[in-house]
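Q: My questions concern the predicted model and sequence given below.
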Amino acid sequence: MTFSYAVVQDHFFRVFSVFHCYKWIFGQEWITDIVISFQRTSAMNHRIEIKRKPAFKDGRENKVLDVIREDTGIKPLSVRLIQVYHLFGEYTGHDLNRLILELFCDPVCQEASASFHFARNMDHDFVIEVAYLPGVTDNVGRTAAKGIGHILGREIKDSHVRSAWLYLFKGLRSKKEAEHIAKKVLCNTLIEQYSILSKNEVDSGKIISYSLPREAHIKPPYFFEMDLQRTDQGLKALSDQYVLSLSLEEMHAIRNHYRKSSVRKDRKTHNLPENPTDMELEILAQTWSEHCKHKIFAASIDYREGRKRKKIDSLFKTYIKGSTEKIKKTRKDLLSVFVDNSGIVRFNEEYAYCVKVETHNSPSALDPYGGAMTGIVGVNRDILGTGMGAYPIFNTDIFCFGSPFTSEKALPEGLLHPRRIFRGVHRGIKDGGNESGIPTVNGSIIFDPSFLGKPLVFCGTGGLIPVTINGRLSCRKYTRPGDIVVMCGGRIGKDGIHGATFSSAHLTETSPTSAVQIGDPITQKKMLDFLMEARDQGLYSGITDNGAGGLSSSVGEMAQATDGAVLYLEKCPLKYDGLRPWEILLSEAQERMSLAVPKDKLEAFLTLSKKRDVESTPIGEFSDTGYFECYYKGTLVCRLEMKMLHEGVPKMELEAVFETAREERLKIQSTDYGQNLLYLLSRPNVASKESWVRMYDHEVQARTVLKPFCGKDNDGPSDGAVLKMFPDSCEGLVITHGLVPRYSKIDTYQMAANAVDEAVRSAVGLGANPLKLTGLDNFCWPDPVQSKHTPDGKQKLGQLVRACQAVHDVTIAYQCPCISGKDSMKNDYRGKRGKISVLPTLLFTVAGKIDDIRKAVSFYFKRPGSAIYLLGQTHPELGASEYYDMQEIKGGCVPKVHPEKARILYRKIHQAIGERLLESVHDLSDGGLAVALAEAAFSGNLGAIVQLETMGNTLTSEEKLFSESPSRLLVSVSPDNEREFKRIFKGESCCYLGKTVLGTDIIFRDKDAILIHEDRNILKSTWKEALNF
Amino acid sequence: MKVKVLILTGYGINAEKELAWAFKMAGGKPHILHMEDVIENKSLMRQYQILAFPGGFSFGDHIASGKVYGNLVRHHFLDEVRAFVSSEKLVIGICNGFQIITKMGLVPDLDGNQTQTVSLIENTSGRFEDRWVHLKVQPNNSPWLRNLDELYLPVRHGEGNFVVQSPELLYLLNQQHQIGLRYSHPQGKEVEYPYNPNGSVENIAGILNRKGNVFGLMPHPEAFIFPENHPNWTERMKPGPLGLEIFENGIEYFR
């Protein structure tokens, strides 16, 4: 053997100091369990360290240094990374040697030690060790526990292996610097802990260690009575104290229910207190939360617009579902909309697809990595929980952040820097998607100062499901009374408790942090594979995911099928003891699905589950009693009427106002258009995100035939993705999205209309059949309910009404029904320096069928000598454009959608694509024509010479170049096809602009003036480098 | 009789489905089996002519990519795998599958005892990346690479940096024609990042055992089985050889 390791003998056992830092989170205490001592604390406590041999450079080290330099300005000379495994329990020296040899150490390139070794024997100024807080999911530790188990032939508890990283820094001047690096870069103290030792401390014999996990046990009583016989003030205080996010009206409704004589009688016979138990109140708060019930979208709204006044009974019913119902009449492919975890659409005779997009804003604000990862693996589970279970085939991820160039000083207290959020969210999405084997095929990253208050993290997934499985339609569920409730996948811990109610609140400087969870994509992947096998063998009758609200939400919802369920919570597998019964029910621990399994299938289900290394546990039974009941060790702790639970929430009565603002065309003329184009290309919203997106696997599963990057050098920005769905057919699915929150500054109707239009026009431009599109609406709004903290609630709700009206109008015009959607309504931050509300934002996602993927069109110019045309009418619409935003110009006319006109244009584009007349089609969006043409040219390694006279006399050159009028596409046509092309687009706005040319010149002329003359290589490098940090 | 292909999956392997498509399109008869099914019935292996380890993230790449999955195979059916290899059947490991067979010592297997002598470690860029790379087939005796000269395939990994224990062993790998694929530059220039996407020594992208019947590679030939997988296919040019040809070679070998 050529590798070295050392087992260092222990000389001292004297404990020097034990750090017990208490952290109050929600009334619970988490204890950091790092122990700094002289030598090992006990024989039950072992440490394995792994280091690269000097001959093999570790690429991650430079990455760490880069981030430290960029984010803190501190410039350490070097860092060495040591992977640490901490083992609790009895291991002989022989065991440890074997584990090092067979598991932990790569004999080719690593060295190992079974003690606190490398910090003592290597040069450094300070060492920083980072590990998860006890109780936080440690995925590496879990795999290590499994790996040790295989080798030693005995089961190792997950919590008995801890992983950590030890960083050895040279060139740090003080402990303060080390501390700064630990807090700002290496460690998120919500979920991780760190300890720092100086060289002197290490030399004096100090080491870093951890204490054995302590197991707490809970004792009776298993519930507490929550006294509701209080004043209104008392009720409000109760809601706040327990993070219930219940309004006074809702508290009253609950109290009134419990005061009913029938209820009192029933409770008496069941030995339950008159008031709700803690669990019952928690379940009601979760089920009635804005997150789960969408109360604002269901509210009754008194809407005023100028002198007009209107009563709207539910925005959702009126506009979202309303438009889909209207479109549904002409569509036979909508198998299931708005009822399940995602909408299901027939794709062909045999298969259906489904898509869902979720937001994970609040968790991502607190723990960007964990929040985003649980966002993406969570929405994967929505797909798995759709119908009888669909298989995820693509992800789509869209983020909105504050500017990455925000100064530290401008950062409100308690918030993470947008750069850190960006990095963390990106890494979470990357790990979550890549490790699950689901390609990330589509997405965006956009920036606005308003997203400092809360980042928006949209995570979407599409799935594929056979239309019938075992002779039954797959878009339904078949749960019956008597079926067993089975929890499948991960174990329950304290993670994520109150996620549903917390996300229904605004962020503050001291927001709760137990709302944070960490995902484990591999546990979920194993569960997914197992459940697909179980599905095809017909081993279950119903399935749904455990997301917000945990079992309370999943079983509570599934129980609606049979009108009741009973759970025995002591049966639930826990990560560690010490959870109260209500915590078991409400925990949002990840990677769990709830299933209904017929009694005669239970054994087969559990056997297969075991064989696939997936934990499945029967925890109760579906009933038809009309009650949702929970027992804990024989004690009834919850008995809620199903009807009260799901229909008892009082309807909100809200007021909304919209005042039309006057829009005026501005007369501003700048001169240096070339320079402006360069500036635009380096704007974060426009600049290339390649360095980030390249880190997503976008082609696993082999379906991706139009990828996020296209072009001669594979680095140009696609308008969306095209998937070839099956190896033996050319049918495909197109995925695109649209969002332009900027336009909300002028009018949310146009913000929403433009979002829908952008998604639709991109899909059509890629080749999707305009008659086979489906959409998803995701609203992220600041709190629109009038209150002391939100004096402009009526206006914000008015903005929401407008946006919903736009979705209604435009989706009907385009015959693009919403099949699923979600809203997140409290995207505000409140701190000492005031409130930050996000821009009202609609993300519209489109999935559409393309009948023959071989006809799909990419966005970049293909060859010299092709004719360049602009399709669609340009108006003087620079209001809230990227161009005005760059110049800090307020006012102007916001871009307006004319869907009736655009619909005709889109049908013609589809016809032209069908006849293969278009060499390229590029959507015009941020930065208008100038940016779109630059992208199409430099991605095709071609020049372009265009003149803008054909766009008419009424527009200024500035408007021609940078207006963001929607429904426009830039196309290139081979000279051979021009005649046929012109025939199709006769009568449409179709402007001939010029030709593609060899070389690097990009020239825009208007009449006699040369507006822009730039070198495409310079344009491209400007565009490519701006966000490369 | 169609050539039967065993595709091993489970524990986070995720590219098994398209690998099955690839072998099917190449004329073979692929079966995707969970590792536990093979552990339960080891004699199953004898029915197959080809054993394939697909890509993915077995055990989350924790500790080291492919390590824990490889350990499981070693622990439960190493003898069967050895018998498979010595009976002139074919084995392929792609991406995570390459990491698995490398850590099991199936490639390059210089001593015939499956001692691990090479490894795949973190990319020098410190990042997972998905990008298409140019590859040059090296002189070799492997059925997998017959009649192939150049390939264009995607890599999708964070740990593909090929390292060798010592310069002597690297010399031996060259001498014995065990280097199947190298990253290359389309214009024949020096192969630097991103053309060598991960920092691999001597731009090595895929290696063979001495007999050439076991092949491990980081790029994904199963991700280029349709002409439309090519990033530039919308230019309607003639794409070079598809990744599919590797699987056709595998099937052809038994004909």
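A: Sure, I can see it. From a predicted model like this one, the values you see are computed outputs, not experimental measurements. Numbering: from 1, shown residues only, chains lettered A, B, ... in the order given.
Q: which residues touch the residue in chain B that chain A sits nearest to?
A: Proximity of chain B to chain A (Cβ to the nearest Cβ) peaks at residue B:14, 2.4 Å away. C-betas here are computed from N, CA, C, even on glycine. Counting by Cβ atoms under 8 Å, 6 or more residues apart in numbering or on different chains, residue B:14 touches A:436, A:437, A:525, A:700, B:54, B:55, B:56, B:57.
Q: Would you mark the buried spots in stretch A:265-276?
A: By neighbour count on 16 or more other Cβ atoms under 10 Å in any protein chain shown, the buried set for stretch A:265-276 is A:267, A:272, A:275, A:276.
Q: what's the closest non-adjacent residue to the third one?
A: Across the structure, with Cβ to Cβ, 6 or more residues apart in numbering or on different chains as the measure, the residue nearest residue A:275 apart from its sequence neighbours is residue A:225 (4.8 Å).
Q: And the residue of chain A closest to chain B?
A: Using Cβ to the nearest Cβ, the closest approach of chain A to chain B is made by residue A:437 at 2.4 Å.
Q: wait, doesn't that residue sit right on residue B:18?
A: No - the criterion here is Cβ atoms under 8 Å, and residue A:437 misses it with residue B:18 at 10.1 Å.
Q: which neighbours do these two share?
A: If you check residue A:437 and residue B:18 against Cβ under 8 Å, 6+ apart, the residues they both contact are A:700, A:701.
Q: Mind telling me what element residue A:820 is part of?
A: Taking DSSP states H and E as the criterion, residue A:820 maps to strand A:818-824.
Q: tell me how far that strand is from the chain's mean position?
A: Relative to the chain's own centre, strand A:818-824 is displaced by 14 Å; criterion: Cα atoms, centre = their mean, to the nearest Å.
Q: Check which helices and strands that strand is in contact with.
A: Under the contact definition 3 or more Cβ pairs under 8 Å, 6 or more residues apart in numbering or on different chains; DSSP states H and E, strand A:818-824 sits against helix A:321-328, strand A:343-346, strand A:351-359, strand A:773-780.
Q: In TSV: the ones you listed, plus distance to chain B.
A: Output for the helices and strands packed on strand A:818-824, formatted as TSV (distance: least, Cβ to the nearest Cβ, whole Å):
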stretch	distance to chain B
helix A:321-328	31
strand A:343-346	21
strand A:351-359	14
strand A:773-780	21
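Q: Adding mean pLDDT and mean neighbour count, write those out as a markdown table.
A: Output for the helices and strands packed on strand A:818-824, formatted as a markdown table (pLDDT from 0 to 100; neighbours: other Cβ atoms under 10 Å in any protein chain shown):
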| stretch | mean pLDDT | mean neighbour count |
| --- | --- | --- |
| helix A:321-328 | 95 | 19 |
| strand A:343-346 | 96 | 26 |
| strand A:351-359 | 97 | 26 |
| strand A:773-780 | 97 | 27 |
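Q: Please render the ones you listed as JSON lines that adds distance to residue A:618 to the earlier fields.
A: Formatted as JSON lines, these follow (distance: least, Cβ to Cβ, whole Å):
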{"stretch": "helix A:321-328", "distance to residue A:618": "36"}
{"stretch": "strand A:343-346", "distance to residue A:618": "28"}
{"stretch": "strand A:351-359", "distance to residue A:618": "28"}
{"stretch": "strand A:773-780", "distance to residue A:618": "35"}
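Q: follow-up on the earlier one: what's the closest of the contacts of residue B:14 to residue A:296?
A: Top of the list for closeness to residue A:296, among the contacts of residue B:14 and by Cβ to Cβ, is residue A:436 at 32.3 Å.
Q: The nearest residue to the closest one once chain neighbours are set aside: neighbouring residues, count only.
A: The spatial neighbour of residue A:436 that comes closest, neighbours along the chain excluded (Cβ to Cβ, 6+ apart), is residue A:521 at 4.7 Å. Neighbourhood size, residue A:521 [other Cβ atoms under 10 Å in any protein chain shown]: 27.
Q: Check residue A:607 too.
A: Applying other Cβ under 10 Å, we find 12 residues neighbouring residue A:607.
Q: My guess is the residue nearest to residue A:436 contacts residue A:438. True?
A: No - the pair residue A:521 and residue A:438 does not pass the contact test of Cβ under 8 Å, sitting 9.3 Å apart.
Q: Secondary structure element holding residue A:1018?
A: Element membership for residue A:1018, per DSSP H and E: helix A:1016-1025.
Q: So for that helix, what gets flagged as buried?
A: Per 16+ other Cβ under 10 Å, helix A:1016-1025 contains these buried residues: A:1016, A:1019, A:1020, A:1022, A:1023, A:1024.
Q: re the thing from before, out of the buried residues of stretch A:265-276, who's nearest residue A:75?
A: residue A:276 (57.8 Å).
Q: Report the contact partners of residue A:705.
A: A:722, A:723, A:724, A:732, A:853, A:856, B:226, B:228, B:229, B:233.
Q: wait, is it part of a helix?
A: No - according to DSSP: H, G, I helix; E, B strand; the rest coil, residue A:705 belongs to no helix; its state is strand.
Q: What score does it have for pLDDT?
A: Residue A:705 carries a pLDDT value of 97.
Q: Please name the spatially closest residue to it (chain neighbours excluded).
A: Spatial nearest neighbour of residue A:705, chain neighbours left out: residue B:228 (3.9 Å); criterion: Cβ to Cβ, 6+ apart.
Q: residues from the stretch 151-255 of chain B in reach of chain A?
A: Contact residues (Cβ under 8 Å from any Cβ of the partner chain) of the stretch 151-255 of chain B with chain A: B:154, B:156, B:161, B:163-165, B:199, B:220, B:222-223, B:225-226, B:228-229, B:231-235.
Q: Quickly find the element holding residue 134.
A: In the absence of a named chain, this looks at chain A. In the assignment (DSSP H and E), residue A:134 maps to no helix and no strand.
Q: look at chain B instead
A: For residue B:134, the enclosing helix or strand under DSSP H and E is strand B:129-137.
Q: now the angle from the next helix or strand after that strand to strand B:129-137?
A: As assigned by DSSP H and E, the chain's next helix or strand after strand B:129-137 is strand B:150-157. Put simply, strand B:150-157 runs at 150 degrees to strand B:129-137, going by axes from the mean of the first three to the mean of the last three Cα atoms, to 10 degrees.
Q: Parallel or antiparallel, which strands does strand B:150-157 pair with?
A: Using DSSP bridges, strand B:150-157 pairs in its sheet with strand B:129-137 (antiparallel).
Q: contacting residues around the residue lying closest to residue A:427 once chain neighbours are set aside?
A: Take residue A:427 and drop its neighbours on the chain: the residue closest to it by Cβ to Cβ, 6+ apart is residue A:369, 5.5 Å away. With contact set as Cβ under 8 Å, 6+ apart, residue A:369 has these partners: A:188, A:424, A:425, A:427, A:428, A:518.
Q: Among those, which ones are in strands?
A: Counting by DSSP state E, none of the members of the contacts of residue A:369 fall within strands.
Q: can I get these in JSON lines with pLDDT?
A: As requested, those are arranged in JSON lines below (pLDDT from 0 to 100):
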{"residue": "A:188", "pLDDT": "80"}
{"residue": "A:424", "pLDDT": "92"}
{"residue": "A:425", "pLDDT": "96"}
{"residue": "A:427", "pLDDT": "94"}
{"residue": "A:428", "pLDDT": "94"}
{"residue": "A:518", "pLDDT": "73"}
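Q: pLDDT below threshold where in the stretch 501-650 of chain A?
A: A:501-517 (pLDDT under 70).
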